[in-house]
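Visitor: Provided below are the primary sequence and the corresponding predicted coordinates.
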Amino acid sequence: MPVASLAATLESPWNLDVDALIVGIAPGEVGAVIVGADAGPLAAITEQLSALGLTGATDETARIPSPEGVAARSILLVGVGRAPLNPEGLRSVAGTAARAAGGASRVAIALPTTSATEVQAVLEGAALGAYRFGPAREGDAVSDPPAGIATIELCTQVDDAAAAAEVAAITAEAVCLVRDLVTTPPNQLYPETFVERAVRAAEGLPLDVEVWGTDELEAGGFGGILGVGQGSARPPRLMALRYRPSETAPHLALVGKGITFDSGGLSLKPAAAMVGMKYDMTGAATVLAATIAAARLGVDARVTGWLCLAENMPSGSALRPNDVISTRSGTTVEVLNTDAEGRLVLADGLAAASEEQPDAIIDVATLTGAARVALGERYAGLMGDDELVAEVRAAAGESGELVWPMPLPAELRALLKTDVADIANAKPGNTAAGMLLAAVFLREFVGRRGDGDDAPRIPWAHLDIAGPANNATAPFGYTPKGSSGVITRTLIRVAERFATK
């Protein structure tokens, strides 16, 4: 859906002619008090807050008619809690308020901001909280969304607020692109149409686009992507988007798992587990959106996004357990579980990314159910080389996103031994450390800086977002039910941090 127009204004919040004015309230000594703005015309309603049952607790909301002296048609009160508000707290509060502003087209916000970072956080949160996805119609990639918030203005005295609003808009649009793609039904979004959507999203930007169809994949030895996609009537694709502000800028490669529907292949999922498997292309959508955002922001770092796209279906031509495939790197893989397909397409993507010798590679995937078992629904698992893991973790912290570093035990590699290939893609029957075992597999396909087994590997990090990519429960903060778009903002921030190296 189109993201709400975002702006910052020096105007008094009481003078803005909008449908709803968002005002923060916090617990006071005797009931709730207004924060973030001089009480002004609202002074008369402060004593009514307790009568309305409002305490100022975090995420509490109430919408009331505007008193005399306020141009807005209504006041939307939102609780900010007792703790001092950091950028992520502001982002969450603004998202909660935007979700509660049903029916409002024009919204203004009077939350406390003292820096450009806080301005960006408030506007991002409001835009993401306002997100809506309309029911898709046959023949349309995405239907017209339901009416929602069209414009959001933040009242602030912060210098450079206009620039922060522009960054917030680009970032929010990137997250919403992920949400739109992931939510689109799989009969409308498959490898070919995913590429079409990506090309449209990249139009007019300084991005070089390259697409591999079946013939090119066969000629290039991309056996992982081809193997996973061979059971479907819809052929696989590999897509690269390259942003190159200069040839000397540091180079970050992003690799995304793009399984547009995952039935499990011949290792068929149970019926209930198959519902929602249109989400299995979230990694590729995240990489696409982050690469586009880097180009729109003019980040001074080269960013290459690799989208590994296939549909994993059972048929007479599908991969069988015990089949052996040869991947782009020349490494052979015995497929023991066709439902461990994401690591097969990523193997090709990691190898292709490595050939360009970037300064770092980060892959993103809804890879394992084990990640959800280990870390729940809100944390992404983060694995890889210590220095790059620390960089990604720092970027996530600055973005307000939740990641947790996990180990890559050397002893797990023995579980993937096979007599007929270089490595197996899974260890059937093994229930221990499934998330870690998948990452140990992926590490085998990250290239080295030189020839020989003792040459250092290209710095690499792996993000397993199987838990937080989809919010199956009630909305919270700026996160809707359904696709969250998580980690998109973290990858944008990683690219920005790379530009300073």
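Guide: Received, thanks.
Visitor: Please parse this structure into its domains.
Guide: 5-177, 193-498 (automatic domain parsing).
Visitor: Pull up the distance across the first one, start to finish.
Guide: Taking Cα to Cα, to the nearest Å, the span from the opening residue of domain 5-177 to its closing residue is 15 Å.
Visitor: Same question for the last one.
Guide: Start-to-end span of domain 193-498 (Cα to Cα) is 32 Å.
Visitor: swap in stretch 312-323?
Guide: Span of stretch 312-323 from end to end, Cα to Cα: 15 Å.
Visitor: circling back: the domains of the chain: lowest mean pLDDT?
Guide: Mean pLDDT per stretch puts domain 5-177 lowest among the domains of the chain, at a mean of 89.
Visitor: Can you add distance to P185 and mean neighbour count and give the domains of the chain back as a markdown table?
Guide: Heads up, the C-betas are built off the backbone N, CA and C, glycines and all. As requested, the domains of the chain are exported to a markdown table (distance: least, Cβ to Cβ, whole Å; neighbours: other Cβ atoms under 10 Å):
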| stretch | distance to P185 | mean neighbour count |
| --- | --- | --- |
| domain 5-177 | 5 | 20 |
| domain 193-498 | 7 | 21 |
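Visitor: could you redo the ones you listed as JSON lines and give each row distance to T183?
Guide: Shown next, in JSON lines, are those (distance: least, Cβ to Cβ, whole Å):
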{"stretch": "domain 5-177", "distance to T183": "5"}
{"stretch": "domain 193-498", "distance to T183": "5"}
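Visitor: of those, which approaches P186 most closely?
Guide: In terms of Cβ to Cβ, the element of the domains of the chain nearest to P186 is domain 193-498, at 4.0 Å.
Visitor: now that closest one, how far from the centre of its chain.
Guide: In terms of Cα atoms, centre = their mean, to the nearest Å, the centre of domain 193-498 is set 13 Å apart from its chain centre.
Visitor: Kindly check the end-to-end length of stretch 58-78 for me.
Guide: 8 Å.
Visitor: Please state the offset of that stretch from the chain centre?
Guide: Here stretch 58-78 is found 32 Å from its chain centre; the criterion is Cα atoms, centre = their mean.
Visitor: got a list of what the closest residue to T61 other than its chain neighbours touches?
Guide: Among residues not flanking T61 along the chain, A100 sits closest, at 4.2 Å (Cβ to Cβ, 6 or more residues apart in numbering). By Cβ atoms under 8 Å, 6 or more residues apart in numbering, the contact list for A100 reads T61, R63, L76, V78.
Visitor: Among those, which are located in helices?
Guide: Judged by DSSP state H, helices contain none of the contacts of A100.
Visitor: could the residues you listed go into JSON lines alongside distance to A394?
Guide: What follows is the contacts of A100, written out as JSON lines (distance: Cβ to Cβ, whole Å):
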{"residue": "T61", "distance to A394": "33"}
{"residue": "R63", "distance to A394": "38"}
{"residue": "L76", "distance to A394": "34"}
{"residue": "V78", "distance to A394": "29"}
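Visitor: Now the two most distant members of those.
Guide: Going by Cβ to Cβ, the pair spanning the contacts of A100 furthest: R63 and V78, at 9.8 Å.
Visitor: gap between the two ends of stretch 100-113?
Guide: Note: stretch 100-113 ends 21 Å apart using Cα to Cα.
Visitor: Report the distance from it to the chain centre.
Guide: Worked out by Cα atoms, centre = their mean, stretch 100-113 lies 24 Å from the chain centre.
Visitor: For R497, see how far away the residue nearest to T61 is.
Guide: Going from A100 to R497 by Cβ to Cβ, to the nearest Å gives 34 Å.
Visitor: quick one: secondary structure of V119?
Guide: helix (DSSP: H, G, I helix; E, B strand; the rest coil).
Visitor: Please enumerate the strands of the stretch 301-450 of the chain.
Guide: Per DSSP state E, counting those that start in this stretch, the stretch 301-450 of the chain carries strands over the ranges 302-312, 323-326, 332-335, 360-365, 380-384, 403-405, 423-424.
Visitor: a markdown table for these, including distance to L181?
Guide: Converted to a markdown table, the strands of the stretch 301-450 of the chain look like this (distance: least, Cβ to Cβ, whole Å):
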| stretch | distance to L181 |
| --- | --- |
| strand 302-312 | 11 |
| strand 323-326 | 27 |
| strand 332-335 | 27 |
| strand 360-365 | 14 |
| strand 380-384 | 18 |
| strand 403-405 | 22 |
| strand 423-424 | 31 |
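Visitor: Tell me who's in contact with the residue nearest to G342 when sequence neighbours are not counted.
Guide: Counting by Cβ to Cβ, 6+ apart, K257 is the residue found nearest to G342 once chain neighbours are left out, at 4.5 Å. K257 sits next to 280-284, 308, 342, 345-346, 363-367 when contact means Cβ under 8 Å, 6+ apart.
Visitor: Pick out whichever of those residues sits closest to A202.
Guide: Using Cβ to Cβ, the contacts of K257 come closest to A202 at A284, 13.7 Å.
Visitor: Let me know the helix or strand that the closest one is in.
Guide: In this structure, A284 sits in helix 282-297 according to DSSP states H and E.
Visitor: now for that helix, which elements pack on it?
Guide: Using 3 or more Cβ pairs under 8 Å, 6 or more residues apart in numbering; DSSP states H and E, the elements in contact with helix 282-297 are helix 161-183, helix 191-202, strand 207-212, strand 237-243, strand 251-262, strand 302-312, strand 360-365, helix 488-498.
Visitor: right, and these - which one's nearest L412?
Guide: Taking Cβ to Cβ, strand 360-365 is the member of the helices and strands packed on helix 282-297 nearest to L412, at 17.8 Å.
Visitor: Just the CA atoms of that closest one, as CSV, please.
Guide: Written as CSV, here are the backbone C-alpha positions of strand 360-365 (Å, rounded to 0.1, in the frame of the first residue of the first chain):
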residue,chain,number,x,y,z
ALA,A,360,31.0,-8.9,3.9
ILE,A,361,28.0,-11.1,3.2
ILE,A,362,24.8,-11.3,5.2
ASP,A,363,22.1,-13.8,4.4
VAL,A,364,18.5,-13.5,5.6
ALA,A,365,16.0,-16.3,5.7
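Visitor: Neighbouring strands - and their directions - for that strand?
Guide: Here strand 360-365 is paired, per DSSP bridges, with strand 251-262 (parallel), strand 460-464 (parallel).
Visitor: and after the last one, which helix or strand comes next?
Guide: Spelled out, that is strand 460-464. That would be, after strand 460-464 and using DSSP H and E, strand 470-471.
Visitor: Just after that next one, pick out the following helix or strand.
Guide: strand 482-483.
Visitor: Strand partners (parallel or antiparallel) of that following strand?
Guide: With DSSP bridges as the test, strand 482-483 is paired with strand 470-471 (antiparallel).
Visitor: List the contacts of the partner strand.
Guide: By Cβ under 8 Å, 6+ apart, strand 470-471 touches V182, G276, Y279, T282, T366, E377, T479, P480, K481, G482, S483, S484.
Visitor: Could you check how far the residue nearest to G342 is from E341?
Guide: Taken as Cβ to Cβ, the span from K257 to E341 is 9 Å.
Visitor: my read: M383 touches L436, true?
Guide: Yes: counting by Cβ atoms under 8 Å, L436 is a contact partner of M383 at 7.0 Å.
Visitor: any idea which helix or strand carries the spatially closest residue to G148 that is not a sequence neighbour?
Guide: Among residues not flanking G148 along the chain, R132 sits closest, at 4.6 Å (Cβ to Cβ, 6+ apart). Assigned by DSSP H and E, R132 belongs to neither a helix nor a strand.
Visitor: All good on my end, thank you.
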